[in-house]
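[1] Sequence plus the predicted model coming up.
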Amino acid sequence: MRPTRTKSLQSHSLAGWLMSGPALALVTLFLIVPFLLAFWFSFTNQRLISPNPTQFVGTSNFEQLLGVGALVLEPERTEDGSLIVSETGELSYPRVREFTRNNPDYPQLEGMREWFGWSWGESKVLVLARDLVFMKALTNTLFFVAVVAPLQSGIALLLALMINQKLRGINVFRTVYFMPVVVSIVVVSLLWRFIYDGRSGLLNNLLQFLSFGQFQPIDWLGNPDTAMFAIIVMSIWQAVGFHMVIWLAGLQNIPLTLYEAADIEGATAWQKFRFVTWPGLRNTAVLILVVITMQAFALFAQIDVMTNGGPLDSTQTLVFQAVTRGYEQQNIAGGSAISVLLFLIVLAISLFQRYVTRER
Amino acid sequence: MAAVTSPNQNLKTSLKYLLLILVALVFVFPIVFMVVSSFKPDAQLLRDTSSFNAFLPVGDVSLDNYFAAFERAPVGLFVFNSILVTAITVIGSLFLCSMAAFAFAFLEFRGKSIVLSIIIATLIVPFETIAVPMLMVVNALPWLGSDGITWGWLNTYHVQIVPFLADALTIFLFVQFFRDLPKELIEAARLDGASWFQVYSLVIVPISGPVFATAAILKFLAMYNQYLWPLMVTQSEQYRPVMVGLQYFFQLNTAWGEVMAYLSMITLPVLAFYLFLQRAFITSIASTGIKG
């Protein structure tokens, strides 16, 4: 018999499994099984309803999503080698579809569409993607995360510093700033559709009022240049109170004696923040960044209610595409492949975060 | 040290309040606009957006939009469904998750640490990404009801409840709280001959009020505000919750006054609940962050 290191009254396998069993069974059935199914489906051609049996298709779903190619277009020349210049002075290039449709010389570009490109001397370099909507969803999601994570954490910290002052009635402000957090994001999204409306929207009217009528109304959600920013601003408005409260808890955990010591040393407000507050908030900062990043990657309801991914795919996101394909288009395999890619991105980020913040 | 109020300091305090109030307006105005608009006829509602009247209950103010909303959709049924589903899920998950967390925090059993790590790892999986496979799972499950065994869970209450009775976040919150409780309490109770379930229900639960409040509030918000899942699983009106009910208000010509009335009806109870218990809400959220 091996010596038991733990106290004998704490090693009760049966009781342990019985008490955790119901919750574990539910987590397995409704979290882990669907998760594994998503993995499995992403390697098949599964559809919600299909006359044909499901087949294993290897990594072709992923190749379809991630397929990119480059194409260098030379300007067209006449037979004697001089450039063809249009009346407006622009060079003329062969059409992309000559390379991507049934061109035996470029089999790897078959079916791809132009994603973006730039000029290189006289030539044009084009990057093509097999699944343009997915690529937009991917870049939009990364953009959303890259903007929202720092911006929302920063604003939340500013708000926390504001309501951490010793002022009469400060709790009223804390209560108000937190209020949108308890309102459903679906309700908030609908409400802000009204605020962003191109004609009678509150935001346009406010900006016109502030600029004495100089401001030209913008259809915030109908314009590809502003739609994503509009969603970013609204998302921050709704959620920032949550992270403000977490910052506040972190602020109030910093021992007051440190501030008193800083006062004795004659530190300025900024020095107190830089050398007392900020170092004391390190763990809180990591937690908040991680939480916001995870939430930002899951961007869905706002898109579903406000824009449906439009205009011109400018607000497509990974989760919105995963749901649209898997549920609305009944293409479970395609939706699952997007989900799996999202898991991998989120996993990579959380491993990276653990590495950066490891105990040294 | 007695505060000496100089004019300079008064000015500084006033500026601080001014800033606090301006920020507060940013958070309050959209909600005020929603409530105020719900009392106005559509034409006036749209006209008022061009002036400060958008935030004032002026003009032709009435409850007409509310009556119209009740006529358009079975609002009472939706609210009842939401409350039923939310209440059962919150109560059930508090029980199941706290009991599981008790086992994870206090009992040693083979496989415990790996199981706990798997549960915590699932925290990073966004629900929407597994919603479709989950739909297939619930569609294939049996249910023993009043009319015997039926297959497939769609269009029921339990399809909205059972999948959410246990979740990683709630288990995690309880485990964190329990780990900081003194072990001596449990050992003393065990020596007195209490079973593990008695230790859990008679010793641990009574001293864990704060974490139960935290878990209940977070679960309540998550459940009441659920959107995608009920949209997928309730094709029949009978089981629909409030968020799905929103669809009734978006026909060709959106009646904005009715929309605002409906939004107010489904939001104000939660806001009232929050304002009533705001200290508990805020300390709850704060407590999730302290340990990190």
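    Perfect, I can see it now. Computed from a predicted model, the values in this text were never measured in an experiment. Numbering: from 1, shown residues only, chains lettered A, B, ... in the order given.

[2] For A:Leu31, what are phi and psi?
    The phi/psi pair for A:Leu31 (degrees, to the nearest 10) reads phi -130, psi -50.

[3] ah, wrong one, I meant A:Glu76
    phi -80, psi 140.

[4] in terms of contact, does it touch A:Arg95 like I think?
    No: taking contacts as Cβ atoms under 8 Å, A:Glu76 lies outside contact range of A:Arg95: 10.3 Å. All C-beta atoms are positioned from the backbone trio N, CA, C, and that covers glycine.

[5] Now A:Phe242. Nearest residue, chain neighbours left out?
    Among residues not flanking A:Phe242 along the chain, A:Val181 sits closest, at 4.8 Å (Cβ to Cβ, 6 or more residues apart in numbering or on different chains).

[6] actually A:Gly280, sorry about that
    Nearest non-adjacent residue to A:Gly280 (Cβ to Cβ, 6+ apart): A:Ile254, at 3.9 Å.

[7] swap in A:Ser86?
    That would be A:Ser92: by Cβ to Cβ, 6+ apart, it lies 6.0 Å from A:Ser86.

[8] can you give me phi and psi for the one you found?
    Main-chain torsions, A:Ser92, degrees, to the nearest 10: phi -110, psi 140.

[9] That one: what's it in contact with?
    A:Pro75, A:Glu76, A:Ile84, A:Val85, A:Ser86 (Cβ atoms under 8 Å, 6 or more residues apart in numbering or on different chains).

[10] Looks to me like B:Pro57 is in a strand.
    No: per DSSP: H, G, I helix; E, B strand; the rest coil, B:Pro57 lies outside any strand segment and is coil.

[11] wait, it sits on B:Phe33?
    No: taking contacts as Cβ under 8 Å, B:Pro57 lies outside contact range of B:Phe33: 11.1 Å.

[12] Counting neighbours, go ahead and name the busier of these two.
    B:Phe33 (20 against 13; other Cβ atoms under 10 Å in any protein chain shown).

[13] Verify the contact between that one and A:Asn205 for me.
    No: checked against Cβ under 8 Å, the pair B:Phe33 and A:Asn205 is beyond contact range at 11.4 Å.

[14] what touches both of the two?
    With Cβ under 8 Å, 6+ apart, B:Phe33 and A:Asn205 have common neighbours B:Ala54.

[15] tell me which residues in stretch B:81-96 are buried?
    Buried residues in stretch B:81-96, counting neighbours by 16 or more other Cβ atoms under 10 Å in any protein chain shown, are found at B:Asn81, B:Ser82, B:Val85, B:Thr86, B:Ile88, B:Thr89, B:Val90, B:Gly92, B:Ser93, B:Leu94, B:Leu96.

[16] Chain A: which of those is nearest?
    B:Leu96 (4.6 Å; Cβ to the nearest Cβ).

[17] Pull the contacting residues for that closest one.
    Contacts here follow Cβ under 8 Å, 6+ apart; on that basis B:Leu96 touches A:Pro22, A:Ala23, A:Leu26, B:Leu165, B:Ala166.

[18] Would you mind listing where chain B has pLDDT under the threshold?
    B:1-5, B:252, B:289-292 (pLDDT under 70).

[19] all strands of it, in order?
    Using DSSP state E, the strands found in chain B span residues B:142-145, B:148-151.

[20] what about the helices in the stretch 101-250 of chain B?
    Assigned by DSSP state H, counting those that start in this stretch, the stretch 101-250 of chain B shows helices spanning B:112-121, B:127-139, B:158-161, B:168-179, B:183-191, B:196-198, B:209-224, B:228-233, B:242-245.

[21] Need the winner for burial among those helices.
    Each of the helices of the stretch 101-250 of chain B was scored by mean neighbour count; the highest is helix B:242-245, a mean of 26, by mean count of other Cβ atoms under 10 Å in any protein chain shown.
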